[in-house]
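Colleague: next comes the sequence, and after it the predicted model I'd like to discuss.
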Amino acid sequence: MPQVENPQLGRSHDYPYEPREEERDYHWGMVVNTNRCINCNTCSFACKSTWTSGKGEEYMWWMNVETEPYGGYPMGWDMRLLDDLDSGQTIYEAAESGEQVRGYIADKEEWEYPALGDDQVHGEYPTGEVVESDLDEGEYHDIWQFYLPRLCNHCKNPACLAACPRQAIYKREEDGIVLLDQERCRGYRRCVKGCPYHKPMYNPETGVSEKPVGCYPRIEEGFVPRCVSSCIGKTRLHGNINRGPDAPSPGGDAPGGRSPINYLVHSDEKVALPLYPQFGTRPQVFYMPPYHVPPEFLTQMFTPNTDEKRNDWPGDTYRESIEIVQERVRNPSHHVLGILQLFGATTKLIETYEVTDERVRGWDRNGEKVADLPFEEELEVREGEQWTNQP
Ligand code: SF4
Ligand code: SF4
């Protein structure tokens with residue numbers, strides 16, 4: 001089998017197709033700040049009402065929000081696959097004879113409870129004394145939970161694509177979005193089995209599979225996906241993950257250089273990490289981890305979680321990487337705080353940006369300014385009578 005480089009793991013590994021010589025100039029990507037998510041599921045319903053409201057799509061939640069550590073749709077999807085992999089193995093290296101990818105098809109019952117585990121916390125509720133946590137001293141509450149929005153990662157080494165014997169799944173040249181050609185699909189469900197994130201789903205009415213489309217018609221028009229524009233908590237920023245520090249200006253008075261999401265993911269001040277990179281698909285949705293959650297859990301969820309640290313993330317171990325990133329998220333620098341202002345600031349796709357002492361600005365792919373915000377909103381106190389609806 002050919003080998004592909006995987007910088008998230010810091011090594012190469014098997015993949016059924018030859019790697020591309022060059023990275024695309026443009027690649028769909030997203031950063032989600034889990035600390036802002038309130039589990040309102042506006043994103044889930046925005047996606048469902050846009051894309052999966054037809055017959056046979058009743059259980060298809062291309063976008064869903066899980067409460068960690070107990071939620072999961074389908075039930076237990078992550079733990080079950082992790083149990084099947086030997087330490088350090090990707091799903092390609094663990095493939096069974098005659099298959100390209102290690103995976104499983106979830107049972108019908110496992111799809112029936114999209115909200116199972118919602119708001120359930122880890123740990124026992126204390127009785128009596130108040131429990132204090134002191135994050136500066138590395139002391140965490142035993143009681144915790146957090147919300148994890150989940151969607152297709154438009155992976156750079158997609159397992160759905162690798163698993164399809166019909167070559168019905170393809171990665172678009174222009175933006176890396178992974179699409180499924182329903183004309184070619186024969187409903188073998190290899191993608192349903194192969195995607196470790198369980199995002200391709202089978203439609204029993206049509207007899208073919210379907211998968212999330214990255215809101216490509218909106219991307220083509222320069223808008224962000226529906227889950228991003230509808231997000232109540234301003235948890236997300238979408239954009240071009242491949243726009244690095246040397247990229248030219250997109251035009252007009254827009255600066256050259258990185259996209260804001262590239263800064264959050266790939267700069268020396270990394271604050272966002274992929275979900276279960278150990279699967280080996282190079283997912284392109286990145287999460288700013290919750291800073292109140294013990295690092296042991298997050299090490300398993302957001303790092304390759306091997307004894308030997310091979311990638312270029314900060315720290316000597318993956319556990320240290322998590323602790324450093326958690327601290328950066330808890331006490332963001334001025335620059336990161338500036339980028340956080342761009343989350344949910346516009347429905348347009350932000351290609352480049354600028355952070356100054358007072359303001360943060362964003363420009364789209366045509367070099368038009370689409371965001372211009374102060375760090376602090378001005379406070380205006382109205383003159384005159386103070387009134388209230390309270391008696
Ligand atoms: S998350 Fe799953 S469906 Fe989406 S690109 Fe990756 S492997 Fe394919
Ligand atoms: S809309 Fe935003 S805040 Fe609400 S559940 Fe989705 S990601 Fe979380």
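Modeller: Right, received. Where do you want to start? Because the structure is predicted, anything quoted here is derived from the model rather than measured. Numbering: from 1, shown residues only. Ligands and ions are numbered 1, 2, ... in the order given.

Colleague: is it true that Cys43 touches Pro225?
Modeller: No - look at Cys43 against Pro225 with Cβ atoms under 8 Å: they stay out of range, at 9.0 Å. Quick note: C-beta positions are derived from backbone N, CA and C, even for glycine.

Colleague: contact residues of the stretch 251-391 of the chain facing ligand 1?
Modeller: Residues of the stretch 251-391 of the chain found near ligand 1 (Cβ under 6 Å from any ligand atom) are Thr281.

Colleague: now for Arg218: which residues touch it?
Modeller: Residues in contact with Arg218 (Cβ atoms under 8 Å, 6 or more residues apart in numbering) are 224-226.

Colleague: what kind of secondary structure is it in?
Modeller: helix (DSSP: H, G, I helix; E, B strand; the rest coil).

Colleague: same check, this time on Gln182
Modeller: Assignment for Gln182 (three-state DSSP): coil.

Colleague: and what of Leu179?
Modeller: Leu179 - assigned by three-state DSSP - is strand.

Colleague: quick check: Ile241 vs Pro290, distance?
Modeller: Using Cβ to Cβ, to the nearest Å, we find Ile241 at a distance of 22 Å from Pro290.

Colleague: higher neighbour count, those two?
Modeller: Shown here are Ile241 and Pro290; by other Cβ atoms under 10 Å, Ile241 has more neighbours (26 against 21).

Colleague: which non-adjacent residue is nearest the more buried one?
Modeller: Gly29 (2.7 Å; Cβ to Cβ, 6 or more residues apart in numbering).

Colleague: confirm Val360 sits in a helix?
Modeller: No - under the criterion used here (three-state DSSP), Val360 is strand, not part of a helix.

Colleague: can you tell me how far Asp372 is from ligand 1?
Modeller: 34 Å (Cβ to the nearest ligand atom, to the nearest Å).

Colleague: same question, Val32
Modeller: 14 Å.

Colleague: helix/strand/coil for that residue?
Modeller: strand.

Colleague: who does the residue nearest to Ile241 bridge with?
Modeller: With DSSP bridges as the criterion, Gly29 is bridged to Gly239.

Colleague: what number of residues lie near it?
Modeller: 28.

Colleague: pLDDT score for whichever residue of the stretch 251-391 of the chain sits closest to ligand 1?
Modeller: With Cβ to the nearest ligand atom, the shortest gap between the stretch 251-391 of the chain and ligand 1 falls at Thr281, namely 5.0 Å. pLDDT recorded at Thr281 is 97.

Colleague: could you pull out the strands for the stretch 251-391 of the chain?
Modeller: 273-274, 285-288, 352-355, 359-363, 369-374 (DSSP state E, counting those that start in this stretch).

Colleague: mind putting these in a markdown table, mean neighbour count included?
Modeller: Listed next are the strands of the stretch 251-391 of the chain as a markdown table, based on neighbours: other Cβ atoms under 10 Å:
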| stretch | mean neighbour count |
| --- | --- |
| strand 273-274 | 22 |
| strand 285-288 | 25 |
| strand 352-355 | 22 |
| strand 359-363 | 22 |
| strand 369-374 | 16 |
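
Colleague: could I get the ones you listed as a markdown table with mean pLDDT?
Modeller: Below are the strands of the stretch 251-391 of the chain laid out as a markdown table (pLDDT from 0 to 100):
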| stretch | mean pLDDT |
| --- | --- |
| strand 273-274 | 98 |
| strand 285-288 | 98 |
| strand 352-355 | 98 |
| strand 359-363 | 98 |
| strand 369-374 | 97 |
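
Colleague: can I get these in TSV including distance to ligand 2?
Modeller: Output for the strands of the stretch 251-391 of the chain, formatted as TSV (distance: least, Cβ to the nearest ligand atom, whole Å):
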stretch	distance to ligand 2
strand 273-274	17
strand 285-288	11
strand 352-355	21
strand 359-363	19
strand 369-374	18
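
Colleague: tabulate these (TSV), appending distance to Ile38.
Modeller: Shown next, in TSV, are those (distance: least, Cβ to Cβ, whole Å):
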stretch	distance to Ile38
strand 273-274	21
strand 285-288	15
strand 352-355	26
strand 359-363	23
strand 369-374	22
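
Colleague: out of these, which is closest to Lys199?
Modeller: Closest of those to Lys199 is strand 285-288, at 10.7 Å (criterion: Cβ to Cβ).

Colleague: just checking, what packs against that closest one?
Modeller: When contacts are defined as 3 or more Cβ pairs under 8 Å, 6 or more residues apart in numbering; DSSP states H and E, strand 285-288 sits against strand 28-33, helix 260-266, strand 273-274.

Colleague: just those: most buried one?
Modeller: strand 28-33 (a mean of 26; mean count of other Cβ atoms under 10 Å).

Colleague: roughly how far does Thr347 sit from ligand 2?
Modeller: 14 Å.

Colleague: nope, Asn157 is what I meant
Modeller: 26 Å.

Colleague: burial of that residue, as a residue count?
Modeller: 25.

Colleague: ok but Asn50 is inside a strand, no?
Modeller: For the record, residue 50 is Thr, not Asn. No - in this structure, Thr50 is helix, not part of a strand, as judged by three-state DSSP.

Colleague: good, we can wrap up now.
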